[in-house]
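Colleague: sharing a sequence plus its predicted fold:
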Amino acid sequence: MRIPFAPFLLLLAAIIVAEAARAAEFPYATGQTVDRAGAEALKPWLPQRFFAHRDLYFHDGMQMTIGPTQRDYSPAAVYRAATRANAGTARIGPDDSLMGYVAGQPFPMETIDCEKDPQAGSKLIWNFTYRWQGFGADSSFRYTYWDRGEQLPLTYQGRTSAYFLKHRPEPQFAAQDGDVFKAERRLAVIGFQVEKPKEAEGTRTLTYRYAASMGPRATAQPEETWIYNRDIRRIRKVSQTQRSAAVAGTDFSFDDLFSFSGLPAQYRWTCLSEQPVLAPMNTRRLGFPYVAPGEEDGQFGPSGFSYASDRWELRDAVVLEMVPKDPAHPYQKKEIWLDRQTLSPLYSFAYDKTGALWKIIVHNHRWSEDDLDGIPAREWYP
């Protein structure tokens, strides 16, 4: 699915020019490969925190392929048309909430100025929340994280599904004001089922996110999330505050999905910068579920979660800082790197209450319009 006092101004101008020059001076050609030794030269085009922990991701034997610079990954035409038709209707309301949104991108990217607009961060996270994702998802997942205590990779796999039920841009829903079902209250329905490892097998979740959940904190309707625990064979309801807590025996929380899947109004948002970054934006190597676990032949490195031996592309990114408004939230802040064109998450870095780096999340993506290894375009998600 298709699927920015005079000395200060001079300094700011110099920074902008330097960033533009850095993108222009990207010294790699499309198709060029980078090995472990050569990866040290990638530092200027990677997030600082990622590069500081590069040994988790870059490894002996890696063969990174440099893809095209700033390739066009435009969203579907129907989404672009809705963005044009509804431009200027959305606005930031009380408590960083979103008001007046109809469909498409709430705030066209060309209208957002990170340097001059104090609401730029809030506008960008709402654009991320309502980025083009087709009708949702119905696919297999497999994620690996590094357990700091045990010093080993832990892997979970299963299935996920999501359906977006409001603000649809397709013409067939226009008579119902963009609702899939008449008078629909739910914004989205999301579910997960864990199949491995054995100790988590059978864990299931179901979330109802309501349109009213997106309002100011004082009046927002809480999301409803239920989780089935196979050990006690019981279903329990997860409160809104528990969404930031660890799930299924991991360090991962519901709100870490896609780097951020929470409610934007519960956080303060700042646009820190706009800059080019190298990321696995349109990868080419087949992984799970096309390649069975244990048969990857080391392509994901010793850690099991390295994309170093794949295609990476230089992309324009916006960097957001998320600060929880709830003092009981386990994070002090999170830094989220988003692809400027697609608003897809690229990297995020979460910090605990002491300000220490706690989590690094790296996303890989695949352009659904490309064929690969006999798999036709748009048929990527078994």
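Modeller: Cool, got the structure. It should be emphasised that the depicted structure is a prediction, and the values quoted were computed from it without experimental measurement.
Colleague: and after the helix or strand bottoming out on mean pLDDT in the chain, which helix or strand comes next?
Modeller: Across the helices and strands of the chain, mean confidence by mean pLDDT, DSSP states H and E is lowest for helix 6-24: a mean of 39. The helix or strand immediately downstream of helix 6-24 is strand 33-34, counting by DSSP states H and E.
Colleague: so what touches that following strand?
Modeller: Applying Cβ atoms under 8 Å, 6 or more residues apart in numbering, the contact partners of strand 33-34 are 28, 41-42, 62-66. Just so you know, the C-beta spots here come from the backbone N, C-alpha and C atoms, and that holds for glycine as well.
Colleague: how far off centre is it?
Modeller: Relative to the centre of its chain, strand 33-34 is centred 26 Å away, using Cα atoms, centre = their mean, to the nearest Å.
Colleague: wait, Ala39 touches His59, no?
Modeller: No: using Cβ atoms under 8 Å, Ala39 is not in contact with His59, being 9.3 Å away.
Colleague: any shared contact partners between the two?
Modeller: Joint contacts of Ala39 and His59 (Cβ under 8 Å, 6+ apart) are Ala308.
Colleague: for the helix or strand containing Tyr347, give the mean pLDDT please.
Modeller: According to DSSP H and E, Tyr347 maps onto strand 345-352. What strand 345-352 shows for mean pLDDT is 97.
Colleague: with just CA atoms, put it into PDB.
Modeller: Output of strand 345-352 as PDB, limited to C-alpha atoms (Å, rounded to 0.1, in the frame of the first residue of the first chain):
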ATOM      1  CA  PRO A 345       9.600   6.000  11.600                       C
ATOM      2  CA  LEU A 346      13.300   5.500  11.000                       C
ATOM      3  CA  TYR A 347      14.900   5.600  14.500                       C
ATOM      4  CA  SER A 348      14.000   6.400  18.100                       C
ATOM      5  CA  PHE A 349      15.900   6.800  21.300                       C
ATOM      6  CA  ALA A 350      14.100   6.600  24.600                       C
ATOM      7  CA  TYR A 351      15.600   7.900  27.900                       C
ATOM      8  CA  ASP A 352      14.800   6.800  31.400                       C
END
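Colleague: partners of it in the sheet?
Modeller: Sheet pairing of strand 345-352 (DSSP bridges) gives strand 331-339 (antiparallel), strand 357-362 (antiparallel).
Colleague: what about the helices in the stretch 151-300 of the chain?
Modeller: In the stretch 151-300 of the chain, no helices are defined using DSSP state H, counting those that start in this stretch.
Colleague: shaky segments in it?
Modeller: Low-confidence segments of the stretch 151-300 of the chain, defined by pLDDT under 70: 151-152, 239-252, 288-289, 293-297.
Colleague: next one: the strand or helix carrying Ala81 to chain centre, how far?
Modeller: Element membership of Ala81, judged by DSSP H and E, is helix 77-86. Here helix 77-86 is found 22 Å from its chain centre; the criterion is Cα atoms, centre = their mean.
Colleague: over to stretch 132-145?
Modeller: With Cα atoms, centre = their mean, you get 11 Å for stretch 132-145.
Colleague: same deal with stretch 106-123?
Modeller: 19 Å.
Colleague: with stretch 32-43 instead?
Modeller: Distance of stretch 32-43 from its chain centroid, counting by Cα atoms, centre = their mean, is 25 Å.
Colleague: now it - C-alpha only, PDB.
Modeller: C-alpha atoms of stretch 32-43 as PDB (Å, rounded to 0.1, in the frame of the first residue of the first chain):
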ATOM      1  CA  GLN A  32      28.000   1.100  -3.900                       C
ATOM      2  CA  THR A  33      28.700  -1.400  -1.000                       C
ATOM      3  CA  VAL A  34      30.000  -0.600   2.400                       C
ATOM      4  CA  ASP A  35      31.800  -3.200   4.600                       C
ATOM      5  CA  ARG A  36      32.400  -3.100   8.400                       C
ATOM      6  CA  ALA A  37      35.600  -1.000   8.100                       C
ATOM      7  CA  GLY A  38      34.000   1.400   5.600                       C
ATOM      8  CA  ALA A  39      31.000   1.800   7.900                       C
ATOM      9  CA  GLU A  40      33.100   4.100  10.200                       C
ATOM     10  CA  ALA A  41      32.900   6.800   7.500                       C
ATOM     11  CA  LEU A  42      29.100   6.800   7.700                       C
ATOM     12  CA  LYS A  43      29.100   8.700  11.000                       C
END
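Colleague: this completes my enquiry, with thanks.
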